[in-house]
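*Asks:* compute the structure for the input listed below.
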Amino acid sequence: MAEMQYTTLGSTGLEVSRFCLGCMNFGTEQPWMLNDHDDSVDLIHEALDAGINFLDTANVYSTGESEEIVGDAVASANRDELVLATKVFGEMRDGPNGSGLSRKHIIDQCEASLDRLGVDYVDLYQIHRWDDDTPIEETLAALDHLVETGRVRYVGASTMTAYQFTKALYTSDVEDYSRFVSMQPEYSAVARYEEPNVLDVCDGEDVGVIPWSPLAGGFLTGKYDRDAEPPAGTRGAASESVRSYFSEENWAVLDAVRAVAAEENATPAQVALAWLLHRDVVTAPIIGPKSADHLHENLGALDVSLSPEQLSRIAEPKTPRYPQA
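*Replies:* Sure thing, here's the model as predicted:
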């Protein structure tokens, strides 16, 4: 089994595993989720035993159910080593103040997340999206308050334009608020539109990068084929967002991934994850395994070393553009 590696998150001294366990699968909201509390807890324990210390969830994942499952799973873990991340923004209930990044919603939802997770603080509290209806100064002041009162250790962000992220960072500098230390963008060998967008900012500002969907919803595992319908029961069969990867350009990337996998005696998933691990800007890709076998296959990417020629071959079919063409 691959030995876990650790790094620091951006410019901080916070040590995180090179893979982050994504916890969106833990819940019952969608048919492709695990839909089993005990199996979910067992899988989290398997990840912790393998050396993963970095877990990412969100209040909106199954409307709090994911956070409750994570809380149950980590109750006996070493809290001093564990890095728990969650997010705020999405709609948690109908009616006024049920979503967004107002001071009221942020503080109320942080308290609710702490209760569901069963902890006194979260290590990384992230804004899930940009809120056009709330001044960024209000959002940053609320997050800074949570840091100052000990309920949050670090703050991060996810999925926005380079201008929005830069504005947030520089507003924090001017107003002396806690600065975003991390960014969660979609990023994989077939989704590279963030390279000319927020990844440029992250590189220049020494912000940690925690890519979501590093396997493009399973596309880069090689489970799908050009000339066949997605197998029943897969996310490709159930999700239009996964089928959106089925372009000739992306099939060409997958061809290169498969060829490199054959050369390295690895799986396509391991090569796709290793490609991300070789990107200097990437801190810890967020993996979302649904079984122990998938987890350990993903972790095997830590042992895959790719040559510059192999990295280039995988990258060659794509021309990164923002917004995504």
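*Asks:* you'd agree Ile107 is in a helix?
*Replies:* Yes. Ile107: assigned to a helix according to DSSP: H, G, I helix; E, B strand; the rest coil.
*Asks:* which positions within stretch 299-313 qualify as buried?
*Replies:* Buried residues in stretch 299-313, counted by 16 or more other C-beta atoms under 10 Å: 299-302, 304, 306, 310-311, 313. C-beta here means a position set from N, CA and C on the backbone, and glycine is covered the same way.
*Asks:* where does pLDDT dip in the stretch 101-250 of the chain?
*Replies:* The stretch 101-250 of the chain contains residues with pLDDT under 70 at 233, 236-238.
*Asks:* show me where the stretch 1-150 of the chain has its helices.
*Replies:* Along the stretch 1-150 of the chain, counting by DSSP state H, counting those that start in this stretch, helices occupy 37-49, 65-74, 103-117, 136-148.
*Asks:* which one, of the ones you listed, ends up nearest to Arg179?
*Replies:* Taking C-beta to C-beta, helix 136-148 is the member of the helices of the stretch 1-150 of the chain nearest to Arg179, at 8.8 Å.
*Asks:* any idea which helix or strand comes after the closest one?
*Replies:* Using DSSP states H and E, the helix or strand that follows helix 136-148 in sequence is strand 152-158.
*Asks:* from the chain's centroid, how far away is that next one?
*Replies:* 13 Å (C-alpha atoms, centre = their mean, to the nearest Å).
*Asks:* now for it, which elements pack on it?
*Replies:* If contacts are counted by 3 or more C-beta pairs under 8 Å, 6 or more residues apart in numbering; DSSP states H and E, strand 152-158 sits against strand 122-127, helix 136-148, strand 180-184.
*Asks:* tilt between that strand and strand 122-127?
*Replies:* Going by axes from the mean of the first three to the mean of the last three C-alpha atoms, to 10 degrees, strand 152-158 is angled at 30 degrees with respect to strand 122-127.
*Asks:* returning to that earlier point: what two of the buried residues of stretch 299-313 have the greatest distance between them?
*Replies:* Leu299 and Arg313 (23.9 Å).
*Asks:* just to check, Trp212 is in contact with Cys23?
*Replies:* No. Here Trp212 does not reach Cys23: they are 11.6 Å apart, not a contact under C-beta atoms under 8 Å.
*Asks:* more crowded one of the two?
*Replies:* The neighbour count for Trp212 versus Cys23, taken as other C-beta atoms under 10 Å, is higher for Cys23 (27 against 20).
*Asks:* the more buried one and Glu65, how far apart?
*Replies:* To Glu65, Cys23 is 10 Å away according to C-beta to C-beta, to the nearest Å.
*Asks:* TSV for the helices and strands packed on strand 152-158, including distance to Asn35 and mean neighbour count?
*Replies:* Shown next, in TSV, are the helices and strands packed on strand 152-158 (distance: least, C-beta to C-beta, whole Å; neighbours: other C-beta atoms under 10 Å):
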stretch	distance to Asn35	mean neighbour count
strand 122-127	25	25
helix 136-148	32	19
strand 180-184	25	25
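*Asks:* so for Thr8, which of the ones you listed sits nearest?
*Replies:* Closest to Thr8 of the helices and strands packed on strand 152-158, according to C-beta to C-beta: strand 180-184, at 9.9 Å.
*Asks:* can you name the residues in contact with the helix or strand following that closest one?
*Replies:* For strand 180-184, the succeeding helix or strand toward the C-terminus, using DSSP H and E, is helix 198-205. Residues from elsewhere that reach helix 198-205, judged by C-beta atoms under 8 Å, 6 or more residues apart in numbering: 10, 160-162, 165-166, 169, 183, 185, 187, 207-209, 280-281.
*Asks:* all good on my end, thank you.
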